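Asks: Give me coordinates for this.
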Amino acid sequence: MVKVWGGVLTGVVALAISVMAFAGEPEKKPTLTPVTVAVTGFHCQACPDGLQKDLAKLEGATEVKATLKPAQVTASLDEAKITVSQFVNAIAAHPTAMDQKKTYGATLQAFIDTPMCAKQETMCQACFTEIPKALTALKGIHAVTLDKTGKIASLRFDADAKVTTSTIAETLAKHKFKFTVAFTVPAIAEKPKASTGHSAHGSHGGHH
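Replies: Alright, predicted model coming up:
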């Protein structure tokens with residue numbers, strides 16, 4: 001009995017020492033990615049207020065803010081705990097405040113650009129074709145639509161998707177057009193006006 005207890009005590013002491021050593025190491029801060037999700041189905045302030053309250057409970061989602069105008073949710077995500085597709089789908093599965101039998105519409109907003117189109121307000125026609133093609137090839141992305149400039153993409157995901165922002169960014173960066181992407185769009189409701197010189201822009205020989 002003494003030997004058994006001695007063995008247990010030794011194990012406890014060893015564990016305590018290892019815990020102390022671990023505690024002495026600086027805690028690694030999680031990588032947080034700011035994202036913007038456009039939402040449909042808001043009717044009054046109670047809608048974003050209720051949604052924000054529930055989303056703030058999700059592990060890995062911080063700085064959650066839902067607004068009525070523009071109708072959107074912004075948050076910082078620790079994608080080791082919750083991927084961007086899971087966050088978007090959590091919004092899409094949430095019952096609306098007006099009718100519990102209905103759910104909100106939710107799409108990830110992605111601001112996309114490319115070196116050759118950076119100085120233009122609109123993408124060329126080839127980009128309009130290539131962006132959705134590249135993104136929908138990713139497993140878990142259900143649909144992609146572009147606004148009239150071609151630079152703001154709205155992404156919907158499959159119900160069981162586990163797509164991360166880094167996967168999206170890497171896929172676009174590997175494309176021959178070398179797309180860049182950010183997931184915070186300053187104002188969804190105020191999109192850039194289409195360029196009047198778009199037809200000339202579409203003939204970039206070096207880009208396409």
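
Asks: Apart from its chain neighbours, what residue comes closest to the residue nearest to the spatial centre of the chain?
Replies: With distances taken as C-alpha atoms, centre = their mean, residue 84 lies nearest the centre of the chain, 4.0 Å away. Closest residue in space to residue 84, ignoring its immediate chain neighbours: residue 165 at 5.0 Å, by C-beta to C-beta, 6 or more residues apart in numbering. Using the backbone N, CA and C atoms, a C-beta is placed for each residue, glycine as well.

Asks: Give me the pLDDT for the one you found.
Replies: Residue 165 carries a pLDDT value of 98.

Asks: ok, now the one 4 residues further on?
Replies: You'll see residue 169 listed with a pLDDT of 98.

Asks: hmm, back to that, I'd like to know how far the residue nearest to residue 84 sits from residue 79.
Replies: Residue 165 sits 7 Å away from residue 79, taking C-beta to C-beta, to the nearest Å as the criterion.

Asks: now do residue 107
Replies: Distance from residue 107 to residue 79, counting by C-beta to C-beta: 18 Å.

Asks: that older thread, now do the contacts for the residue nearest to the centre of the chain.
Replies: If you count contacts by C-beta atoms under 8 Å, 6 or more residues apart in numbering, residue 84 has them with 33, 35, 77, 108, 163-165, 168, 183.

Asks: Give me the distance between residue 123 and residue 151.
Replies: Between residue 123 and residue 151 the distance is 6 Å, computed by C-beta to C-beta.
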